[in-house]
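[1] Need a 3D model of the following:
(one chain, ligands or ions: 2)
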Amino acid sequence: MQKIKVGVIGTGFVGPAHIEAVRRLGIVEVVALAEANQELAEKKAAELGIAKAYGDYREMLADPDIKVVHNCTPNHLHYKINKDIIMAGKHVLSEKPLAMTSSESAELLQLAREHKVVHGVNFNYRQYPLVQQLRAMIREGTLGTVNLVHGSYLQDWLLYDTDYNWRLEPKVGGSSRAVADIGSHWCDTVQHVIGQRITEVFADLATVIPVRKRPKQRVATFGVQELQAGQYEEVPIKTEDYATVLLRFSDGARGVFTVSQVSAGRKNRLSFEIDCSKSSAFWNQEEPEHLWIGHRERPNEILMADPALLLPEAKNYIHHPGGHNEGWPDGLKNMMHNFYNFILAAKDPLVDTPSFATFADGHAAMCIIEAILESNATQRWVKVNNNF
Ligand code: NAI
Ligand code: SOE
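    Ligands and ions are numbered 1, 2, ... in the order given. A predicted model of the protein is given here:
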């Protein structure tokens, strides 16, 4: 069988993770990458073992052999590059957030539908075995009706004023930072698990570190640096380090989440608890192989990820026997598996329901982000305005 030929745009932190994940599928060949300039593209292509290197992604899009393109660039480039990928007639897998505004994301969704390309957004936290297990349990009614959803997404990589990244800058990262960067994952994951949409929000946002030391040299995502005088300039920060958001869901569930990128000791802690009419459940991305299930009249349980213990809907998401732990790269592989098998099966994105997040989900996330920003600015409940 001929492998599907793929190009990847942007190979900083997450681009190489996409490349590794698709290589593990065996049905995909990454034939080209594009970077910000030719020199960097060639360096990255040599490091990653990729044949073709482009300093301008538009040249890569002209290659008729490439059928799928991954967009792993910083946020401000998502809209333009996604649009160009669609217009080139290629299937597109974009990083989140899908665009900078909901009008851009609505246009991308519309265009992807018109051009009948398969469109995915890398909301990868859906793709863990125990997240799928919990979703299946909720669909079966094992836990009862969903009443409450609460949790957080906490990180510490921006804790000090010497920590810096393009995500802090509204022009590159967007008007929202912590909410768009990690809150978008939390919202997507819990909506997927409980099968309800977030319809109204009430938000409180804060910039805990209002001035940061921006290094003169580019600093990598998650990079740590010790700066000497003269190596940085002090810049005011306008994007939020922290947010707490009250939620109302489409079928009546209530909830709340906190996001923070300044919580010492929390590395990538996306966690949520779902309290239902019979039982509760709790999952935490930093310990993804455990699902806590809480009861009132019998002892609580910890379900450990093991193919023999999971419901049929979750079994395809686990690849090793229990105790052979799977984590972030494996969730990403599951994402790629679902995306590429949708393409291989020649499924119709207008008719078939994909088992991965699409541009519709990416657009929904943009609408939630905008409602959260408006709520914080006006200090009132705001309805999520999603017309799609
Ligand atoms: P990064 O800064 O590490 O990498 C971005 C890369 O894009 C850099 O190598 C940069 O040179 C390249 N680039 C910039 N302009 C370009 C252009 N015009 N053409 C081609 N390449 C260009 O950023 P990181 O952390 O990899 O994030 C990229 C995106 O992925 C962000 O939107 C972020 O939100 C998302 N992300 C998602 C993750 C997930 O778990 N779903 C994990 C990490 C990032
Ligand atoms: C940084 O906060 C980051 O890399 C996000 O951009 C990703 O989306 C998240 O999955 C991990 O953290």
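[2] from the protein, which residue is nearest to ligand 1?
    Residue nearest to ligand 1 within the chain (C-beta to the nearest ligand atom): G12, separated by 1.9 Å. Yep, even glycine has a C-beta here, placed from its N, CA and C like the rest.
[3] Can you tell me the closest non-neighbouring residue to that residue?
    Setting aside the residues directly before and after it, G12 is nearest to T221 in space (C-beta to C-beta, 6 or more residues apart in numbering), at 6.1 Å.
[4] residues touching the residue in the stretch 151-300 of the chain that ligand 2 sits nearest to, list them.
    Sorted by distance to ligand 2 under C-beta to the nearest ligand atom, the residues of the stretch 151-300 of the chain start with D181, at 4.8 Å. D181 makes contacts with 97, 167, 173, 261, as judged by C-beta atoms under 8 Å, 6 or more residues apart in numbering.
[5] Apply 10 Å and report the result again.
    75, 96-97, 153, 155, 158, 165, 167-168, 173-174, 239-240, 259, 261, 369 (C-beta atoms under 10 Å, 6 or more residues apart in numbering).
[6] among these, who's most crowded?
    V259 (31 neighbours; other C-beta atoms under 10 Å).
[7] isn't that one right next to V208, touching?
    No: between V259 and V208 there is no contact, the gap being 11.9 Å when judged by C-beta atoms under 10 Å.
[8] hey, what's in contact with both of these two?
    In contact with both V259 and V208: 178, 240-242, using C-beta under 10 Å, 6+ apart.
[9] now the residues you listed as JSON lines including distance to ligand 2?
    Listed next are the shared contacts of V259 and V208 as JSON lines, based on distance: C-beta to the nearest ligand atom, whole Å:
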{"residue": "A178", "distance to ligand 2": "8"}
{"residue": "E240", "distance to ligand 2": "13"}
{"residue": "D241", "distance to ligand 2": "11"}
{"residue": "Y242", "distance to ligand 2": "13"}
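[10] Give me the local confidence score for the residue lying closest to I4 once chain neighbours are set aside.
    Once flanking residues are discounted, I4 sits nearest to V28: 5.0 Å by C-beta to C-beta, 6+ apart. On the pLDDT scale, V28 is placed at 97.
[11] For V28, give me its contacts.
    3-6, 19, 21-22, 67-68, 336, 339-340, 343-344.
[12] List phi and psi for E313.
    Per-residue torsions, E313: phi -60, psi -20 (degrees, to the nearest 10).
[13] Spatially, what comes nearest to it if we skip its sequence neighbours?
    Going by C-beta to C-beta, 6+ apart, E313 has A136 as its nearest residue, at 4.0 Å.
[14] mind listing what's buried in the host helix or strand of the one you found?
    If you go by DSSP states H and E, A136 is part of helix 129-140. By 16 or more other C-beta atoms under 10 Å, the buried positions in helix 129-140 come out as 129-138.
[15] Which residues are in contact with A206?
    A206 touches 178, 240-244, 260, 262, 376, counting by C-beta under 10 Å, 6+ apart.
[16] would JSON lines of those with secondary structure be doable?
    Below are the contacts of A206 laid out as JSON lines (DSSP: H, G, I helix; E, B strand; the rest coil):
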{"residue": "A178", "secondary structure": "helix"}
{"residue": "E240", "secondary structure": "coil"}
{"residue": "D241", "secondary structure": "coil"}
{"residue": "Y242", "secondary structure": "strand"}
{"residue": "A243", "secondary structure": "strand"}
{"residue": "T244", "secondary structure": "strand"}
{"residue": "S260", "secondary structure": "strand"}
{"residue": "V262", "secondary structure": "coil"}
{"residue": "N376", "secondary structure": "helix"}
